[in-house]
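Participant: sequence plus predicted model, see below.
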Amino acid sequence: MYSGAGNITRIYELCKQFFVLEHNVLGLEEYYSQVMGICEELKMYQLVTSDVPSMLKQREDFNIVRFLVGLKPEYESVRSQILASPKLPSFPDVFSRL
């Protein structure tokens, strides 16, 4: 999973980079290289497991991070509090904090 607030913060940063990265001004090789670099780093935080509850938690955490990436800047303080938590709250709990 994404143990620790530091990892969650890094996952957030990687997802933010991943979802805003565009080919527009980059050469194709540079764009590909940057996408692959982000994917490789994300793999370090997304452990492969046969434990279904762990996989489901990992998916939920990723979806929460994606949700947080897309929030308007006015939610920055709440987003920062959520990312600083020792354990990422559930999706409904994240939403209720907003």
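Facilitator: Cool, got the structure.

Participant: what are the buried residues along the worst-scoring helix or strand of the chain on mean pLDDT?
Facilitator: Of all the helices and strands that make up the chain, helix 5-20 has the lowest average by mean pLDDT, DSSP states H and E, namely a mean of 85. Of the residues in helix 5-20, those buried under the neighbour-count criterion (16 or more other C-beta atoms under 10 Å) are I8, R10, I11, Y12, L14, C15, K16, F18. Quick note: C-beta positions are derived from backbone N, CA and C, even for glycine.

Participant: and which of these is nearest V48?
Facilitator: Set against V48, the nearest of the buried residues of helix 5-20 by C-beta to C-beta is I11 (16.0 Å).

Participant: gap between that closest one and S80?
Facilitator: Here the distance between I11 and S80 works out to 14 Å (C-beta to C-beta, to the nearest Å).

Participant: so what secondary structure elements neighbour the least confident helix or strand of the chain?
Facilitator: Counting contacts by 3 or more C-beta pairs under 8 Å, 6 or more residues apart in numbering; DSSP states H and E, helix 5-20 is packed against helix 28-45, helix 52-69, helix 76-84.

Participant: make a markdown table from those and add distance to R97 and mean neighbour count to it.
Facilitator: Putting those into a markdown table (distance: least, C-beta to C-beta, whole Å; neighbours: other C-beta atoms under 10 Å) gives the following:
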| stretch | distance to R97 | mean neighbour count |
| --- | --- | --- |
| helix 28-45 | 23 | 13 |
| helix 52-69 | 11 | 16 |
| helix 76-84 | 6 | 14 |
